[in-house]
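A.B. asks: Give me a 3D structure for the following:
(one chain, ligands or ions: 1)
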Amino acid sequence: MTVVSEVRDTIALLRAQVADLHAELTRNQLVIWTAGNVSARVPGRELLVIKPSGVSYDELTPESMVVTDFDGRLVEGTRSPSSDTDAHAYVYRHLPEVGGVVHTHSTYACAWAALGRPVPCVLTMMADEFGGEIPIGPFALIGDDSIGRGIVETLRHSRSRAVLMANHGPFTIGRDAREAVKAAVMCEDVCRSVYMAMQLGDPAPIPQDKIDSLFARYQNVYGQPGPAGPGKDV
Ligand SMILES: O=C(CO)[C@@H](O)[C@@H](O)COP(=O)(O)O
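C.D. replies: Numbers count the residues shown, from 1 in each chain. Model prediction:
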């Protein structure tokens, strides 16, 4: 029995989830053409499910998703995996609590990434979701684990679920792929709002103790209690 056959049902479920979540990137206008990607860790295995590289979002179905190991080797599927596969795999290998990784080229987040400036925590929604500023990660070339290293070194000591890789764009993480997509949606929204505020004047930063209080409430109380626990919207 191959490793994949042992977790076949799990992979089938993740294929459907990851395909559906790619549709959230286009629905929220976070990507154009074939940019961006979503992956999910296969729990308990050094495997991940991700989109194939350069394939139109119209063709992203559960069946077209690919499965790779953490060295980026294709384990199941017929097309080449995303060019960011090594980055996603590096995050899964070094941040065991992460179950989903997302990359987009959303406009306002990319603008902040081009500037290399962290997004200051001036909105309660930023405190809720990111626990402070959205940090900038180092410039990294594409195609190996350089981006993954930058994501991990930046987020390992941050509460943020988003990092703006310099001159590139946002990468987000979550306990699962849906949470990582949510972080990507909220990252773009706050990057836009803070940019707008800066056209009107100097946004007032939120005091750290208030940020801590807002983050604790949102992460632990917000939403509906249930098997996933508080802090998970449904
Ligand atoms: O920005 C990059 C690579 O980081 C893009 O090429 C990426 O958004 C999309 O690449 P893939 O189609 O997933 O290979």
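A.B. asks: need the residues of this structure near the ligand, please.
C.D. replies: 34-37, 51, 53-54, 82-84, 103, 105, 142 (Cβ under 6 Å from any ligand atom). Placement of C-beta: from N, CA and C, glycine included.
A.B. asks: So which of the residues you listed are in strands?
C.D. replies: 37, 103 (DSSP state E).
A.B. asks: Please identify the buried residues of the lengthiest helix in the chain?
C.D. replies: Determined from DSSP state H, the single longest helix within the chain is helix 177-200. Using 16 or more other Cβ atoms under 10 Å as the test for burial, helix 177-200 gives 177-194.
A.B. asks: What of stretch 112-123?
C.D. replies: Under 16+ other Cβ under 10 Å, the buried positions of stretch 112-123 are 112, 113, 119, 120, 121, 122, 123.
A.B. asks: can you give me the helices for the protein?
C.D. replies: 3-6, 8-27, 85-94, 107-115, 124-130, 146-155, 177-200, 208-220.
A.B. asks: tell me the most buried of the ones you listed?
C.D. replies: Sort the helices of the chain by mean neighbour count, taking mean count of other Cβ atoms under 10 Å, and helix 85-94 sits at the top with a mean of 24.
A.B. asks: And the average pLDDT for that helix is what?
C.D. replies: Taken as a whole, helix 85-94 has an average pLDDT of 98.
A.B. asks: on that earlier part again, what distance separates the longest helix of the chain from the centre of its chain?
C.D. replies: Taking Cα atoms, centre = their mean, to the nearest Å, the mean C-alpha location of helix 177-200 is offset from the chain mean by 13 Å.
A.B. asks: That helix packs against which elements?
C.D. replies: Applying 3 or more Cβ pairs under 8 Å, 6 or more residues apart in numbering; DSSP states H and E, we find helix 177-200 packed against helix 8-27, strand 37-41, strand 100-103, helix 107-115, helix 124-130, strand 162-165, strand 169-174.
A.B. asks: Distance to residue 47 and mean pLDDT added to these, as CSV?
C.D. replies: Shown next, in CSV, are the helices and strands packed on helix 177-200 (distance: least, Cβ to Cβ, whole Å; pLDDT from 0 to 100):
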stretch, distance to residue 47, mean pLDDT
helix 8-27, 8, 97
strand 37-41, 8, 98
strand 100-103, 14, 98
helix 107-115, 29, 98
helix 124-130, 28, 98
strand 162-165, 24, 98
strand 169-174, 17, 98
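A.B. asks: Brilliant, that's me finished.
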